[in-house]
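J.: build the 3D model from these lines:
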Amino acid sequence: MAAVVGGTVIGVALTPIAAPAVLGLVGFGAAGPIAGGIAAGIQAGAAGNIAAGSAFALAQSIAMGGAAVPALGLAAGGGIAGGATFLLTKVAGLSPGGDETAQECTTDSAAPVEL
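T.: Okay, here's the model as predicted:
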């Protein structure tokens, strides 16, 4: 469980850094939509009429460095990272408390103990 919480915290912390890069991958650039990109296609489909305050406008503003990632974006980043951490712990066979293959350590009272 601690790993999932840690992954979520890291996701929230890295979302403001990663968001512009991810938006760049879908065509939102620092100078506007990148020609031939998905964002340019969306803008062309709207005949250039993008409403102020729309999701498209917010994404473009974040890509241009003019807007901070809103709380919803931070929650999404944290949720994605937390979910990915959870899945990775399941795939790796780790329990919430650590490695399931770990065994309890006991000592035999007759055996010498080295310090």
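
J.: drop to CA atoms for contacts and neighbour counts, all remaining ones
T.: OK.

J.: burial count for residue 82?
T.: If you count neighbours by other C-alpha atoms under 10 Å, residue 82 ends up with 23.

J.: so it makes contact with residue 4?
T.: Yes: the criterion here is C-alpha atoms under 8 Å, and residue 82 meets it with residue 4 at 5.0 Å.

J.: and residue 22, how many neighbours?
T.: 13.

J.: now do the closest residue to residue 16 other than its chain neighbours, the pLDDT please.
T.: Nearest-residue entry for residue 16: residue 69, 5.9 Å, with adjacent residues in sequence omitted and distances by C-alpha to C-alpha, 6 or more residues apart in numbering. According to the prediction, residue 69 has pLDDT 70.

J.: residue 107 now?
T.: Checking the pLDDT column for residue 107, the value is 53.

J.: look up how far residue 45 lies from the residue nearest to the spatial centre of the chain.
T.: For the chain, the residue nearest the mean C-alpha position is residue 77 (3.8 Å; C-alpha atoms, centre = their mean). Remark: distance between residue 77 and residue 45 (C-alpha to C-alpha, to the nearest Å) = 28 Å.

J.: low-confidence ranges, the chain, go.
T.: Applying pLDDT under 70 to the chain flags the ranges 68, 70-72, 94-115.

J.: which stretches of it form strands?
T.: Using DSSP state E, the strands of the chain run over 28-29, 32-33, 94-95, 98-99.

J.: any idea how many residues pack against residue 67?
T.: The burial count assigned to residue 67 is 12, neighbours taken as other C-alpha under 10 Å.

J.: show me the contacts for it.
T.: For residue 67, the contacting residues are 58, 61, by C-alpha atoms under 8 Å, 6 or more residues apart in numbering.
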